[in-house]
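S.K.: Got a predicted structure here, sequence first:
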Amino acid sequence: MFDVQKQFSLEGKVALVTGAAYGIGYAIAKAYADAGAKIAFNCRSQQHMDKALAMYKEDGIDALGYICDVTHEEDVRAMVADIEKKLGTIDILVNNAGIIKRVPMLEMKAEDFRQVIDIDLTAPFIVAKAVLPGMIKKGHGKIINVCSMLSELGRETVAAYTAAKGGLKMLTKNIASEYGAQNIQCNGIGPGYIATPQTAPLRTEGNPFNDFILAKTPMQRWGTPEDLMGPAVFLASDASNFVNGHILYVDGGILAYLGRKP
Ligand code: NAP
Ligand code: GCO
């Protein structure tokens, strides 16, 4: 019999969600905890960490928090080793930590371009590389990379982010290809325009970008971090065991739509 509860359950699993101090990462970590997983997360700032730990506690989640920059390979390795010691082998990795810099390309410094690539593309490689040996040894694993509308589309001022998220889509397909035989599934989740601190500058009172996004989204609203909870659980659970190398866009239909005419 198909046991739907069991298929979607994350009972006993260990999940590492990077950059889960707030925003999309926090919502995904909360969904995983609600589905039964043990949670580890990281971020860079002590202030964000203190707030996050209080938030997790308030939500009844006993999360293990690390101050760790995902671009620092040695620190990532040490974090993963400590999680494995304290919670067990990591079953689920969500590469969520990310930044954006909105600067016209001709004004963007190469060092800023590189920083975005470093955090949004190189770091998912670094973290995946650190968790894969444990997953291979255990005989299963789920890696979920947080992609974007800009894995598929371009727009003004976000050359570095678009290059990174396009690259992350292909890194996803490559990990899926390279480690599928070891029963590791690597997929992407591609959020549409979601109301979080990252998009706060685009949602200010009277900002025409707000109307632009509403006109581009068939559902005519911004997404919320909560919109990503169910899809993220699906990709982490046994329900998606033959889904590999796929990008699941959770965008209210943006990629299907030409946009509302003015
Ligand atoms: P956010 O609100 O800015 O949160 C980003 C998180 O990542 C924070 O916890 C931040 O904490 C952490 N972080 C950033 N750089 C880090 C680093 N080098 N090492 C470790 N942690 C780091 O972003 P969000 O909107 O929730 O986005 C989360 C992910 O979804 C990102 O990859 C983003 O590109 C992607 N995304 C967002 C949207 C959207 O509309 N919001 C849509 C599609 C995709 P610290 O600052 O303390 O490090
Ligand atoms: C932007 C936004 C996007 C979103 C998201 C879209 O400036 O266009 O910040 O990058 O955050 O990634 O899916």
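M.R.: Nice, thanks for sending it over. Ligands and ions are numbered 1, 2, ... in the order given.

S.K.: ok, which stretches of this structure are helices?
M.R.: With DSSP state H as the criterion, the chain has helices at 4-8, 23-34, 46-58, 73-86, 110-117, 123-138, 159-179, 208-216, 229-236.

S.K.: Most tightly packed of those?
M.R.: helix 23-34 (a mean of 24; mean count of other C-beta atoms under 10 Å). Placement of C-beta: from N, CA and C, glycine included.

S.K.: Say whether ligand 1 is contacted by that one.
M.R.: Yes: applying C-beta under 6 Å from any ligand atom, one finds helix 23-34 in contact with ligand 1 at 23-25.

S.K.: Just give me how far that helix sits from the chain centre.
M.R.: Centroid displacement of helix 23-34 relative to its chain, using C-alpha atoms, centre = their mean, to the nearest Å, is 10 Å.

S.K.: So which elements touch that helix?
M.R.: strand 14-18, strand 38-43, helix 46-58, strand 92-95, helix 229-236 (3 or more C-beta pairs under 8 Å, 6 or more residues apart in numbering; DSSP states H and E).

S.K.: Restrict the fourth one to CA atoms and write it as CSV.
M.R.: What follows is the C-alpha trace of strand 92-95 in CSV, where atoms were taken according to Å, rounded to 0.1, in the frame of the first residue of the first chain:
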residue,chain,number,x,y,z
ILE,A,92,19.6,16.4,3.4
LEU,A,93,21.6,19.5,2.3
VAL,A,94,19.9,22.7,1.2
ASN,A,95,22.3,25.1,-0.4
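
S.K.: what distance separates it from the middle of the whole chain?
M.R.: With C-alpha atoms, centre = their mean, you get 7 Å for strand 92-95.

S.K.: Make JSON lines from the helices and strands packed on helix 23-34 and add distance to residue 148 to it.
M.R.: Formatted as JSON lines, these follow (distance: least, C-beta to C-beta, whole Å):
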{"stretch": "strand 14-18", "distance to residue 148": "15"}
{"stretch": "strand 38-43", "distance to residue 148": "19"}
{"stretch": "helix 46-58", "distance to residue 148": "21"}
{"stretch": "strand 92-95", "distance to residue 148": "12"}
{"stretch": "helix 229-236", "distance to residue 148": "14"}
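
S.K.: contact partners of the strand ranked longest in the chain?
M.R.: What stands out as the longest strand in the chain, according to DSSP state E, is strand 184-191. When contacts are defined by C-beta atoms under 8 Å, 6 or more residues apart in numbering, strand 184-191 is touched by residues 24, 128, 132, 135-136, 140-149, 151-152, 168-169, 172, 175-176, 179, 223, 227-228, 231-232, 235, 240-241, 243-251.
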